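Student: got a structure for you, letters missing:
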């Protein structure tokens, strides 16, 4: 599976992307706004890809995709879709390495991911979840046609998150 935009290529994660995923999962903002995934080594990153990311491709025909620059193949972030057992809607999500933020890559990759969800997968309504303090992601979601719906709590946790739904 591969999605393309003007500047980006999105494709399924493989174990070969473990070094990149290690860097992304240990980015301070990733940990702050998305959470600590306990990816403490390249081996942990391989296991996370194999056990947590890759199964969604078979189970749902979608998942999180690695985002690369068309011009040089550099891995810069991830964007994709996730279906949680406890959520009514499929979510869109994204994360980028610090040096690639503020360049429009998150919105560009989210647009092609959203189009894929609608046109190829027939998903009528998407959702998104952000940390209550992550204003930048909230602003990006609003540009993508989402609106804040309410605060929610992950099952078994007491941390509040913002739920966004498509307008």
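Tutor: Structure's in. What do you need? This one's a predicted model, so the numbers in the text were calculated from it and none came from an experiment.
Student: and the next helix or strand past the longest helix seen in the chain?
Tutor: Once the chain is assigned using DSSP state H, the helix that runs over the most residues is helix 105-115. Scanning the chain past helix 105-115 towards its C-terminal end, the next helix or strand to appear is strand 126-131 (assignment: DSSP states H and E).
Student: one step back: tell me what angle the longest helix of the chain forms with strand 126-131.
Tutor: 150 degrees (axes from the mean of the first three to the mean of the last three C-alpha atoms, to 10 degrees).
Student: from residue 22, how far off is residue 87?
Tutor: Taking C-beta to C-beta, to the nearest Å as the measure, residue 87 and residue 22 are separated by 27 Å. The C-beta positions use only the backbone N, C-alpha and C, and glycine is treated the same way.
Student: and if you look at residue 147?
Tutor: Here the distance between residue 147 and residue 22 works out to 35 Å (C-beta to C-beta).
Student: mind listing residues that contact the longest helix of the chain?
Tutor: Helix 105-115 has contacts (C-beta atoms under 8 Å, 6 or more residues apart in numbering) with 3-8, 10, 65, 67, 76-77, 79-81, 92, 94, 96, 126, 140, 143-144.
Student: rewinding a little: so for residue 147 and residue 22, which residue has more residues nearby?
Tutor: For residue 147 versus residue 22, neighbours defined as other C-beta atoms under 10 Å are more numerous around residue 22 (19 against 11).
Student: helix, strand or coil for that one?
Tutor: Per DSSP: H, G, I helix; E, B strand; the rest coil, the local secondary structure of residue 22 is helix.
Student: if we ignore the residues flanking it in sequence, what's nearest it?
Tutor: The shortest distance from residue 22 to any residue that is not its chain neighbour, by C-beta to C-beta, 6 or more residues apart in numbering, is 4.0 Å, and that residue is residue 45.
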